[in-house]
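*Asks:* build the 3D model from these lines:
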Amino acid sequence: MDSASNKFDIIIQHSDVDVDGSYAACGADDFLVGGGEAGEVPASGIAKALDATTDTPGTYLVHYRGTKRYARIRLAETGTAAAPMSVVAIGGHGHLNPAL
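*Replies:* Below is the predicted model of the structure:
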């Protein structure tokens, strides 16, 4: 990825129901980026913008702390960017909101 016109955005979304059209981007108060330090997070839910070749080889940690039952990560591509990626999500505190 060589510029802001060829990039990926890692977007955190959440919802009360697991229906595709019901997910919305998280606000800045709904998640933390990094090792628990609150950073400046746009209201659009972008946790990380990968827009340079030095951004892509790395591990990025995002802590969801919102109140919705469902959360997901969306990778939004701009331009003709191509890069291998994977996402690992670990749920916690399931006893507070068990599956029905």
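*Asks:* after the helix or strand containing residue 32, next one along is what?
*Replies:* Secondary structure from DSSP states H and E places residue 32 in strand 31-33. Reading on from strand 31-33 to the C-terminus, the next helix or strand found by DSSP H and E is strand 46-50.
*Asks:* low-confidence regions, this protein specifically.
*Replies:* Applying pLDDT under 70 to the chain picks out residues 1-4, 35-43, 53-56, 93-100.
*Asks:* pick out the residue nearest the middle of it.
*Replies:* Nearest to the mean C-alpha position of the chain, counting by Cα atoms, centre = their mean, stands residue 12 at 3.1 Å.
*Asks:* give me the element that one is part of.
*Replies:* Using DSSP H and E, residue 12 maps to strand 7-15.
*Asks:* neighbouring contacts of whichever helix or strand comes after that strand?
*Replies:* Later in the chain than strand 7-15, the nearest helix or strand by DSSP H and E is strand 24-25. Around strand 24-25, the neighbours that count as contacts under Cβ atoms under 8 Å, 6 or more residues apart in numbering are 11, 12, 13, 14, 15, 43, 44, 45, 46. Every residue, glycine included, has its C-beta placed from N, CA and C.
*Asks:* neighbouring strands for strand 24-25, and are they parallel or not?
*Replies:* strand 7-15 (antiparallel) (DSSP bridges).
*Asks:* and the closest residue to residue 5 other than its chain neighbours, how close does it get to residue 88?
*Replies:* Excluding its sequence neighbours, the residue lying closest to residue 5 (Cβ to Cβ, 6 or more residues apart in numbering) is residue 79, at 4.8 Å. The spacing between residue 79 and residue 88, counted by Cβ to Cβ, to the nearest Å, is 26 Å.
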